[in-house]
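give me the fold of what follows.
(chains A and B)
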Amino acid sequence: MPRTLSSRTPSSRRTTHRLAADAGLLAVAAAFVLPLAWVILSSLDTNANLQVKLPDGVTLDNFDAVLTPDITFTPLLNSLLLCGGGTALTVACAALAAYPLSRFRSRLNRPFLLTVLFATSLPITAIMVPVYALFVRVNLIDTMQGTIFFFAASQLPFAIWLMKNFMDGVPKELEEAAWTDGASSLQSLLRVVLPLMGPGVAVVTVFSFVMMWGNFFVPFMLLLTPDQMPAAVSINEFFGNRGTVVYGQLAAFSIIYSTPVILLYVLVSRRLGGGFALGGAVKG
Amino acid sequence: MTRARSLNHAPTRSLNRSLNHAPTRSLSRALPVTPAVVLLLLFLAGPIAYCAYIAFTDLQLTGQAEDSFVGFDNFRTAFGDEAFLNAVWLTLVFTVVSALLGQNTLGLALAALMQRASKPVRTLVGGIVITAWVLPEVVAGFLLYAFFRREGTLNAILGWLGLPTQNWLFTLPILAVSFANVWRGTAFSMLVYSAALNEIPKEITEAAEVDGAGGWRRMWHITLPMIRRSIGTNLMLITLQTLSVFGLIWVMTRGGPGGKSQTLPLFMYEEAFQKSMIGYGTAVALLLLVVGSLFSVVYLRLLRTEV
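Modelled structure (predicted):
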């Protein structure tokens, strides 16, 4: 008798707990999903306003209207140039920098890593005003390359930190074999270490790209010519110059602009399990 | 693992170094770090140093041939400036409400509930919360602008429930942007806490359950003490992230109406560009940077065993 009692109670209690947890989570999710539902429904609605409502008739007119060089293609191409360039620079520099930090012992490793970690958490927003002033002085203001350099520098500390942690996971023995065969450090980094930490490199790449793609303040400050504006800034136009806001089109553009980063996130997080971005940073 | 291995190797390697031509070797080893260091020095350390310099000048955007050194004047002005003190206060409210209370608590609650929930619910809810996090800052700003506007979704729901509606972005802008930041940022805390909770051995919580500790007591006396390092790290990081939020607030309210949602980054921007007081704006930036550095140092202390 006591046995059946003790074996039944916990399991039925567990079911109750699960149902309660499910209910709680769904309630929070309902609140979270409303703004997302708005953007999806409005993008399909010709008479979209600011409320979540079912469209009168599903239409792709809004997408049609914003898919022009002026509104969508040029800003997205600019975003791609800026973030692609910034990411390539970040990943290349981070991989190179992480290699000696992970492979060789030096008295400088620890101070360097601590500095990097310290820089990781600095509020970059705060330095945008001096960066602007500095860029004006050295004639880098309103240039793509200047913005790319700054993007790369602002993302580098975290990228180095992540990259080093991933690199630490690659066993050194494999590389020592390459060294015995006469490979230089650079060769063993390119041919042995980086291929073995493919997922790690993918994480750093995607993370850097996503951070830059979504960043508003940096291009907002450093770029002035409308033709050079990335989507993060050009989206403002919907409010600024066009008089009445066509919410359906704004929603359609928001979706087009957001899709790449969401897809990238899904791609990488599936491969590595959720929370990839936190990799080494918050092991706490 | 790695650490242990490199320790084992240490003696041989230092022997190598003394035998081989050490200087060339360490130089070639330091070489790969150079591009990163150059970038960091030119585009991060440089601006920070420049920031520390122009904060003490009266540099303006236009109409002034030369800037001159004004010492602590900018800081003195700041602490006598009501708009600045207002921005400090609003930054404090924004950080406490959205990061410490909102993101942190909700993130922990979601992570804890997910431990018990069924898999489909967990996946669905995780997906929604993380989508809000991955969205570009400006898009998130628009979505919540639409949500909080007078004719927006929130008021529609309140009206439907028979509750009083109001123009949230006008009457309580700082709360509206704080909630927006909770919406956008909670995923981060949720992920940190999910990872931390997964690392707690099942036996410990089960033993407590057998001893008759209820859910709240287990949370308070066992779970929270065991994840306290994650709590510290998370609080540090979300505070720093929240201190530098600009785009979200800019899109929703532009800091208005009448400065009622103007946190320090927006105040800095307005002083530097709309009022052309680069020197003054930078002084504010420097203060923000100093506060950020303090948090950053605490964060390093928390992580100290990791490096």
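
low-confidence ranges in the stretch 201-307 of chain B?
Applying pLDDT under 70 to the stretch 201-307 of chain B picks out residues B:304-307.

at 50 what do you get?
Applying pLDDT under 50 to the stretch 201-307 of chain B flags the ranges B:307.

over to the stretch 151-284 of chain A?
In the stretch 151-284 of chain A the weaker segments, taking pLDDT under 50 as the threshold, are A:274-277, A:279-284.

find the centremost residue of chain A, please.
The centroid of chain A falls nearest to residue A:210 when counting by Cα atoms, centre = their mean (2.3 Å).

who are the contact partners of it?
Residues in contact with residue A:210 (Cβ atoms under 8 Å, 6 or more residues apart in numbering or on different chains) are A:261, A:264-265, B:134. From N, CA and C alone the C-beta is placed, and that goes for glycine too.

tell me the two of those residues that are most distant?
Of all pairs drawn from the contacts of residue A:210, the widest gap by Cβ to Cβ lies between A:264 and B:134 and measures 8.7 Å.

which of the two has more neighbours?
Neighbours were tallied for residue A:264 and for residue B:134 using other Cβ atoms under 10 Å in any protein chain shown; the higher tally belongs to residue B:134 (21 against 18).

how close does the more buried one sit to residue B:247?
As defined by Cβ to Cβ, to the nearest Å, residue B:134 lies at a distance of 15 Å from residue B:247.

before we move on, what about residue A:82?
Distance from residue A:82 to residue B:247, by Cβ to Cβ: 15 Å.

quick one, which of these two is more surrounded?
Between residue A:82 and residue B:247, residue A:82 has the larger neighbour count (other Cβ under 10 Å), namely 27 against 24.

in terms of secondary structure, what does the helix or strand hosting the more buried one contact?
Using DSSP states H and E, residue A:82 falls within helix A:74-103. Secondary-structure packing of helix A:74-103 (3 or more Cβ pairs under 8 Å, 6 or more residues apart in numbering or on different chains; DSSP states H and E): helix A:109-120, helix A:144-168, helix A:198-214, helix A:231-234, helix A:247-272, helix B:34-40.

any chance of TSV for those helices, columns distance to residue B:264?
Below are the helices and strands packed on helix A:74-103 laid out as TSV (distance: least, Cβ to Cβ, whole Å):
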stretch	distance to residue B:264
helix A:109-120	20
helix A:144-168	19
helix A:198-214	21
helix A:231-234	21
helix A:247-272	27
helix B:34-40	25
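
out of these, which gets nearest to residue B:120?
helix A:247-272 (16.6 Å).

and the angle for that closest one with helix A:198-214?
Interaxial angle, helix A:247-272 versus helix A:198-214 (axes from the mean of the first three to the mean of the last three Cα atoms, to 10 degrees): 160 degrees.

low-confidence ranges in the stretch 1-150 of chain B?
Applying pLDDT under 50 to the stretch 1-150 of chain B flags the ranges B:1-21.

give me the element the spatially most central residue of chain B is part of.
By Cα atoms, centre = their mean, the mean C-alpha position of chain B lies nearest to residue B:241, the distance being 1.3 Å. For residue B:241, the host element (DSSP H and E) is helix B:228-243.

list the contacts of that helix.
A:121-123, A:125, A:281-282, A:284, B:91, B:94-95, B:98-100, B:103-104, B:107-108, B:181, B:185, B:188-189, B:192-193, B:195-196, B:224, B:264-265, B:288, B:291-292, B:295-296, B:298-299, B:302-303.
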